[in-house]
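J.: Provided below for reference: sequence and predicted model.
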Protein chains: 2
Amino acid sequence: MSLLVVGSTAFDTIETPHGNAVDCLGGSSTYFSLAARLFTKVRLVSVVGTDFPPQHRQLLESRGVDLAGVETKPGKTFRWHGRYATDMNSRQTLDVQLNTFGDFRPKVPAEYRDTPFVFLANGSPATQASVLDQMPAVRFCVADTMDLWIEHERKGLLALLPRLDGLIVNDSEVKMLTGKGNLIQAGRACLAMGPKLVIVKKGEHGCFVFSNFFHYALPAYPTETVVDPTGAGDSFAGGFMGYLANCDSISLWNMKRAVAYGTVTASLNVEGFGVQRLADATREQVERRYHELQQFVAGG
Amino acid sequence: MSLLVVGSTAFDTIETPHGNAVDCLGGSSTYFSLAARLFTKVRLVSVVGTDFPPQHRQLLESRGVDLAGVETKPGKTFRWHGRYATDMNSRQTLDVQLNTFGDFRPKVPAEYRDTPFVFLANGSPATQASVLDQMPAVRFCVADTMDLWIEHERKGLLALLPRLDGLIVNDSEVKMLTGKGNLIQAGRACLAMGPKLVIVKKGEHGCFVFSNFFHYALPAYPTETVVDPTGAGDSFAGGFMGYLANCDSISLWNMKRAVAYGTVTASLNVEGFGVQRLADATREQVERRYHELQQFVAGG
């Protein structure tokens, strides 16, 4: 089934201990789309400036991403500049220029409004809610959030949570949101806030999934080469939602497999700067890595 | 089959954000023994001072731990005093009094020398090697180590590693030992130093097992109550070695199950101060938690 994502499109400048990349294609919706397109058709709702070049559009379209929902506004595209620490696990934001993304009011095209699977990439809870308001028939909706909204838009976030099938957050965010220092307690407390599913990303330590019916833990794919961790969370979400949108049913087992596919697409993404590795990825590479991951975690 | 452990016996004073314990029974060999005894008979080689009270001996003996190898020397028992940070993940050593443990020269009793399974708890590589010198017929030997030896006794440690079936270390230690910042690269590099198996403990994030034939990852048991993390690593080692010593063969599957049993005994241990929770644990509790852990990690 079709899958819609709403989020940012950006030019990223990335500094790592091993090399730099200037003004490469980035943004949450881009990483998500290029991961999800490995499994299903993706409809993208985003905004860019007049400086967004045709070759980026061509790249996305050639990978099956539908850009009918990408608005071009006068001005520049969102720009982000970050630097990773030596261990690649922490990063510093050096510059943010919101530009045309600053007053992004997502308009879901009429022909997109019946899309059953929706991912609300990181954005203000009010913006995320405005998307759901335009899509009354959503079957499975997952959202991302961040410390900024947890701290400054808490009321809006708490109103959004019961409308979600799933919330994807990292470990520090779910602890911040719930005020619980223990991750298992935080996961349970977050469930009580409304989403049916809480997926906690732990970076190189994998992820936890909490629901009222099951808990699930999956280690990360054992990556030896981390070139650029930017977009790992959105690539995870893209693999997860893309696989699930392509399933016959949202069963427990399909959900667990989707978590593994998300883990795999994230592991591919970090092997190159920006979205390049994801853009080059094939379904065969994904399947090979999926089976390696299953071997890695197969119990005794 | 029987299992021998060589390591420290101590009085620990432990401060946590949730409470303190003064002079409780501790030491690597004690945590190890009380975890391993849930699966098999344990022979303990250690040293205590004349202040070591009969009730501690009785506790260990009542749990099936053979104390024939515990030497009593004039002077005091090893004492450790530590304080945990708010998140319980890092700790500060406030005081160490080695006392009788300072010149511990383990003497393996004659009737212990044919013990097939051996765990060398944290100690200097020279001391650990001296145990192996006394036990030429060891079938499966695993050792722990720490940053102190990696930094100051590197030569001795490198000479010990090829004599080991397994090395148990935490993630920062294996990175320090190998000079690799990526954990998967560090695990591989450590294998190349000689041990047949490298087990990397990641605390609340579970563990990785590296061998030349398979890699394996297991998340930690989802513990909601952490009272005192002291001895978690030795409890893990005790559950791992205890289960394996009780198996018919050291197969891949038994090894993976042993890792899960180690994970479970460590999760029990952290629920109480000192060794109390382990001393109270039953095999039934271990089995229940083992099956919960299997459910937690069961894939799609």
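T.: Now that the structure is in, tell me what you want to look at.

J.: residue boundaries of the helices in the stretch 101-250 of chain A?
T.: Under the criterion DSSP state H, counting those that start in this stretch, the stretch 101-250 of chain A contains helices at A:125-134, A:147-152, A:154-160, A:171-178, A:183-191, A:232-245.

J.: Tell me the helices and strands packed up against the fifth one.
T.: It refers to helix A:183-191. The elements that helix A:183-191 packs onto, with contact taken as 3 or more C-beta pairs under 8 Å, 6 or more residues apart in numbering or on different chains; DSSP states H and E, are helix A:171-178, strand A:197-201, strand A:207-211. The way it works is simple: take the backbone N, C-alpha and C, and place the C-beta from them, glycine included.

J.: what comes up buried for it?
T.: For helix A:183-191, the buried set under the neighbour-count rule, 16 or more other C-beta atoms under 10 Å in any protein chain shown, comprises A:183-191.

J.: Pull up the residues of the stretch 1-150 of chain A that are close to chain B.
T.: Counting by C-beta under 8 Å from any C-beta of the partner chain, the positions of the stretch 1-150 of chain A adjacent to chain B are A:86-87.

J.: Single out the residue in the stretch 1-150 of chain A that lies closest to chain B.
T.: Relative to chain B, the nearest point of the stretch 1-150 of chain A is A:D87 (6.0 Å; C-beta to the nearest C-beta).

J.: Can you give me the distance of that residue to B:N182?
T.: 9 Å (C-beta to C-beta, to the nearest Å).

J.: quick one, strands of chain A?
T.: All strands of chain A, identified by DSSP state E, fall at A:3-6, A:10-16, A:19-26, A:42-49, A:65-73, A:78-84, A:91-97, A:117-120, A:140-144, A:166-170, A:197-201, A:207-211, A:215-218.

J.: Give the buried residues for the first one.
T.: Burial within strand A:3-6, assessed by neighbour count using 16+ other C-beta under 10 Å, is assigned to A:3-6.

J.: Need the mean per-residue confidence for it.
T.: Per-residue pLDDT over strand A:3-6 has a mean of 98.

J.: cool, and stretch A:56-70?
T.: Stretch A:56-70 comes out at a mean pLDDT of 97.

J.: Show me the contact partners of that stretch.
T.: Contact with stretch A:56-70 is made by A:4, A:6, A:9, A:25, A:30, A:33-34, A:37, A:41-48, A:106-109, A:111-112, A:279, as judged by C-beta atoms under 8 Å, 6 or more residues apart in numbering or on different chains.

J.: what's the burial count for A:T127?
T.: Counted by other C-beta atoms under 10 Å in any protein chain shown, the residues lying close to A:T127 total 18.

J.: contacting residues for it?
T.: A:104-106.

J.: ok, so of the buried residues of helix A:183-191, who is nearest chain B?
T.: Closest to chain B, out of all of the buried residues of helix A:183-191 and judged by C-beta to the nearest C-beta, is A:I184, at 4.5 Å.

J.: Go ahead and confirm that closest one touches B:E224.
T.: Yes: A:I184 lies in contact with B:E224 (C-beta atoms under 8 Å); the separation is 4.8 Å.

J.: What about the nearest residue to A:N170 once chain neighbours are set aside, how many residues nearby?
T.: Distances taken as C-beta to C-beta, 6 or more residues apart in numbering or on different chains place A:K201 nearest to A:N170, at 4.7 Å, with adjacent residues excluded. By the criterion of other C-beta under 10 Å, A:K201 has 23 neighbours.

J.: which residues does A:K201 contact?
T.: Residues in contact with A:K201 (C-beta under 8 Å, 6+ apart) are A:168-171, A:207, A:232-233, A:236.

J.: let's go with 6 Å and repeat that
T.: Contacts for A:K201 were tallied using C-beta atoms under 6 Å, 6 or more residues apart in numbering or on different chains; they are A:170, A:207, A:233.

J.: Check A:P116 too.
T.: For A:P116, the contact set (C-beta under 6 Å, 6+ apart) comprises A:1, A:139.

J.: can you do 7 Å?
T.: Residues counted as contacts of A:P116 (C-beta atoms under 7 Å, 6 or more residues apart in numbering or on different chains) are A:1-2, A:138-140.

J.: If A:A217 is in a bridge, with which residues?
T.: Going by DSSP bridges, A:A217 is paired in beta bridges with A:F208.

J.: I figured it was touching B:L218, is that so?
T.: No: using C-beta atoms under 7 Å, A:A217 makes no contact with B:L218, being 8.9 Å away.

J.: Quick check: the gap between the spatially most central residue of chain A and B:P136.
T.: When C-alpha atoms, centre = their mean is applied to chain A, the residue found nearest the centroid is A:D234 (2.3 Å). Distance from A:D234 to B:P136, counting by C-beta to C-beta: 57 Å.

J.: returning to that earlier point: if you rank the contacts of A:T127 by neighbours, which is first?
T.: Going by other C-beta under 10 Å, A:F104 tops the contacts of A:T127 with 21 neighbours.

J.: just how off-centre is the longest helix anywhere in chain A within its chain?
T.: When chain A is scanned for its longest helix (criterion: DSSP state H), the result is helix A:252-269. Distance, stretch centre to chain centre, for helix A:252-269: 12 Å (C-alpha atoms, centre = their mean, to the nearest Å).

J.: Might you enumerate the residues of the stretch 151-300 of chain A proximal to chain B?
T.: Contact residues, the stretch 151-300 of chain A versus chain B (C-beta under 7 Å from any C-beta of the partner chain): A:181-182, A:184-185, A:202, A:205-206, A:215-217, A:219, A:222-224, A:226, A:253-257, A:260, A:294, A:296-297, A:299-300.

J.: Can you select the buried ones from these in PyMOL?
T.: Command for PyMOL that selects the buried part of these, burial taken from 16+ other C-beta under 10 Å:
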select buried, chain A and resi 182+184+185+202+205+206+215+216+217+219+222+223+226+254+255+256+257+260+296+297+300
